[in-house]
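K.L.:
coordinates only, sequence not included:
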């Protein structure tokens, strides 16, 4: 997932006004130990939130904010895929190119499997095929593991650098191809690429969300656009302005709204009035809150971020301020 650096601040006055005038509100900030960077996060049906954080995954009970467990000895965590029917989770550990398999009840690691590519980033469990897909950024391919045995069964070559992915749970997985500004569809039965499509005018897509009932995919892009792709016509049907430095997207089945989490400190809320998609609200969050997880049961939104030290001359990025790593919890009013 792309590294996002922070160069702006939101004023307290604007934040306060938007909170009062908004359809959403921040109800909690869950502070977690550790000062490393972060990436994806996932949630299970029990409300357990799995947060990637440097060399570990922290498991949070969203009902009370308590840490239930920590999965350690990882190296550059990116994502967590959950196979609740198998009581397993799968973590992509990018720097050593492994998948760590863990027990969802004990959080103990039960296997560490080397992937066939380099730098596994996004990771997905597909219940239709009982397969786990890691999307490997450096080698531009996907490693496929059998979720029952934890063993690698195939490698799928891709046309470029993969980012986030979604499954329709009926035999197809869709993945953003960042450097080619494309969407690719994978057949999860035959483990092969079926089709790829351009998503222009979107450029460098990262986060991906899906409304399969409505036949739409939503790719959030580096050029501040959310691209709406129609699965029936296989065409881009709309593009909506979003914030900058986005790295995550989510779809809420109940409200039919789509969210783009932006590193500039905003959450873009998009809706559909029956004719076209449009921005309903730009909700202020916090600088760096670029990845997102939406709980489909409670409709709560979770965004990880931290405070930053001032940028020092000669450094490419500001350092994370010690003791400030936080999960922001947002709810609809």
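P.N.:
It's in. Keep in mind that this is a model prediction, so the values were computed, not measured.
K.L.:
ranges for the helices of this protein?
P.N.:
Using DSSP state H, the helices found in the chain span residues 12-21.
K.L.:
Can you find the helix or strand in it with the smallest mean pLDDT?
P.N.:
None of the helices or strands of the chain scores lower by mean pLDDT, DSSP states H and E than helix 12-21, at a mean of 49.
K.L.:
list the contacts for the nearest residue to residue 200 once chain neighbours are set aside?
P.N.:
Among residues not flanking residue 200 along the chain, residue 181 sits closest, at 6.1 Å (C-beta to C-beta, 6 or more residues apart in numbering). Backbone N, C-alpha and C define where each C-beta goes, glycine included. When the contact criterion is C-beta atoms under 8 Å, 6 or more residues apart in numbering, the partners of residue 181 are 198, 199, 200, 202, 203, 204, 205, 221.
K.L.:
And residue 245, how close does it get to residue 305?
P.N.:
Separation of residue 245 from residue 305 (C-beta to C-beta, to the nearest Å): 12 Å.
K.L.:
can you pull out the strands in the stretch 151-300 of the chain?
P.N.:
Here the stretch 151-300 of the chain has its strands, by DSSP state E, counting those that start in this stretch, at 152-157, 162-167, 172-177, 182-187, 192-198, 205-211, 216-221, 225-230, 235-241, 246-252, 257-262, 266-272, 277-284, 293-294.
K.L.:
doesn't residue 189 make contact with residue 172?
P.N.:
No: when contacts are counted by C-beta atoms under 8 Å, residue 172 is not listed as touching residue 189 (9.3 Å).
K.L.:
quick one, which of the two is more surrounded?
P.N.:
Taking other C-beta atoms under 10 Å, residue 172 and residue 189 do not tie; residue 172 has more neighbours (19 against 11).
K.L.:
Quickly list the domain ranges of the chain.
P.N.:
Listed domain ranges for the chain are 1-35+205-333, 38-198 (source: automatic domain parsing).
K.L.:
What is the end-to-end distance of the last one?
P.N.:
Between the opening and closing residues of domain 38-198 lies a distance of 29 Å (C-alpha to C-alpha, to the nearest Å).
K.L.:
from the middle of its chain, how far away would it be?
P.N.:
Averaged C-alpha coordinates place domain 38-198 at 11 Å from its chain's average position (C-alpha atoms, centre = their mean, to the nearest Å).
K.L.:
and what of the longest one?
P.N.:
Centre-to-centre, domain 1-35+205-333 and its host chain are 10 Å apart (C-alpha atoms, centre = their mean).
K.L.:
Could you tell me how far the closest residue to residue 76 other than its chain neighbours is located from residue 215?
P.N.:
Excluding its sequence neighbours, the residue lying closest to residue 76 (C-beta to C-beta, 6+ apart) is residue 95, at 3.5 Å. Distance from residue 95 to residue 215, counting by C-beta to C-beta: 38 Å.
K.L.:
same deal with residue 262?
P.N.:
Separation of residue 262 from residue 215 (C-beta to C-beta): 26 Å.
K.L.:
Compare these two (neighbour count), which wins?
P.N.:
Comparing residue 262 with residue 215 by other C-beta under 10 Å, the one with more neighbours is residue 262, at 28 against 12.
K.L.:
sorry, back to before: measure how buried the residue nearest to residue 76 is and give me the count.
P.N.:
Neighbours of residue 95 under the rule other C-beta under 10 Å: 14.
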